[in-house]
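**Student:** Sequence and predicted model, in that order:
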Amino acid sequence: MKKSTLLKKMILERKGLVVPGAHDCISAKLIEKAGFKALQVSGFGLSATYLGKPDVGLLTFTEVLWFTKNIVDAVDIPVMADGDTGYGNALNARRTIEEFIKIGAAGMNIEDQVFPKRCGHLEGKQIIPMEEMVLKIEAIKEVRDRLDPDFVINARTDAIAVAGIDEAIKRGNAYAKAGADLIFVEAPRSVEEIRRAVKEIDAPVSINLFDAVKGGKTPLVAIEELRDMGVARISIPVGPLFASVKGLMNYLDAIKGDKLAEGRFDLVIDFDEFKKLVGFPEYRELERKYLPKFVE
């Protein structure tokens, strides 16, 4: 089964597919190893790890496409790309979805913010007119239907922060009618807003959570409760990134002042386990098979 077909099937079940965010290939491999059935490339995470800068539209599409391709190639589970605003107008968005399909992504986010966008849990957001976003979705749907009908279009609306939940629901229904498979309602401010979005939007709904992280706009709701509400996809976009940063901080704190972290196995992964994670054993077999002067 194609990865896009598998992803679409899981979303249409509306059983709260949990999709952690990957910021590089190692985080993607670990997400897969932990047993998750799909992952989301985190634009916030890419901007932080590759540029050391905030998610305010600084990464180019070429950079995001390349990073995403590496992540897609690193795992066997479906990968959802982060298409931001489509990197421009409807014509730019057509190329965005076309290129993501070519590299094997199973779906992509596209949002109704003004370009350049910013993280959904930051202040200062602006949104484009609903009619413009509808046309953008219609434009990318035509490309999707031609290249991969199962590729998931996840239309995100940031309207709650700008115009409230009523406008977000109105936009969600318009985007679904235009061809979006999934409606990502960004940063609902209460459980009741989540319930309303799921009940009143005529399409599968996605919610994201800042799990174990202070500062998110959305209240933390148990996964099972979200499933009971009928949420189709639950993304945890930055938890893996923040956990990685915290782990690195803990290790560096242990060795600063010219110390060693001898015996601190709680701080690091075992070397043999890491080699397995990145595929050293498989490459040793390839060396044994194809290199004329293989050294055991």
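**Tutor:** Looks like it arrived, so ask away.

**Student:** From now on I want contacts and neighbour counts done on CA atoms only, so please keep to that.
**Tutor:** OK.

**Student:** Can you give me every residue that contacts D82?
**Tutor:** Residues touching D82, when contacts are defined by C-alpha atoms under 8 Å, 6 or more residues apart in numbering, comprise 40-43, 64, 108-110.

**Student:** Please list the members of the residues you listed that lie in strands.
**Tutor:** 40-41, 108-110 (DSSP state E).

**Student:** Now the helix or strand of the chain with the lowest mean pLDDT - C-alpha only, PDB.
**Tutor:** In the chain, no helix or strand scores lower on mean pLDDT, DSSP states H and E than helix 159-163, which sits at a mean of 91. Coordinates of each C-alpha in helix 159-163 appear next as PDB, following Å, rounded to 0.1, in the frame of the first residue of the first chain:
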ATOM      1  CA  ALA A 159      -8.100  32.200  12.200                       C
ATOM      2  CA  ILE A 160      -8.800  31.600  15.900                       C
ATOM      3  CA  ALA A 161      -6.000  33.900  16.900                       C
ATOM      4  CA  VAL A 162      -7.100  36.600  14.500                       C
ATOM      5  CA  ALA A 163     -10.900  36.300  14.200                       C
END
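
**Student:** quick one: buried residues of it?
**Tutor:** 159-161 (16 or more other C-alpha atoms under 10 Å).

**Student:** Serialize the residues you listed to CSV and add fields for distance to D270.
**Tutor:** Converted to CSV, the buried residues of helix 159-163 look like this (distance: C-alpha to C-alpha, whole Å):
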residue, distance to D270
A159, 45
I160, 45
A161, 44
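
**Student:** hmm, back to that, among the contacts of D82, which one has the most neighbours?
**Tutor:** Using other C-alpha atoms under 10 Å as the neighbour definition, the contacts of D82 reach their maximum at V41, which records 31 neighbours.

**Student:** which residues does it contact?
**Tutor:** Taking C-alpha under 8 Å, 6+ apart as the contact definition, V41 lies against 21-23, 68, 71, 79-82, 237.

**Student:** which helices and strands sit right next to the helix or strand harbouring I234?
**Tutor:** In this assignment (DSSP states H and E), I234 forms part of strand 233-236. In terms of contacts (3 or more C-alpha pairs under 8 Å, 6 or more residues apart in numbering; DSSP states H and E), strand 233-236 is packed against strand 17-22, strand 205-208.

**Student:** moving C-terminal of that strand, what's the next helix or strand?
**Tutor:** Using DSSP H and E, the helix or strand that follows strand 233-236 towards the C-terminus is helix 239-255.

**Student:** Centre of the chain to that following helix, how far?
**Tutor:** When distances are taken as C-alpha atoms, centre = their mean, to the nearest Å, helix 239-255 is centred 21 Å away from the chain's centroid.
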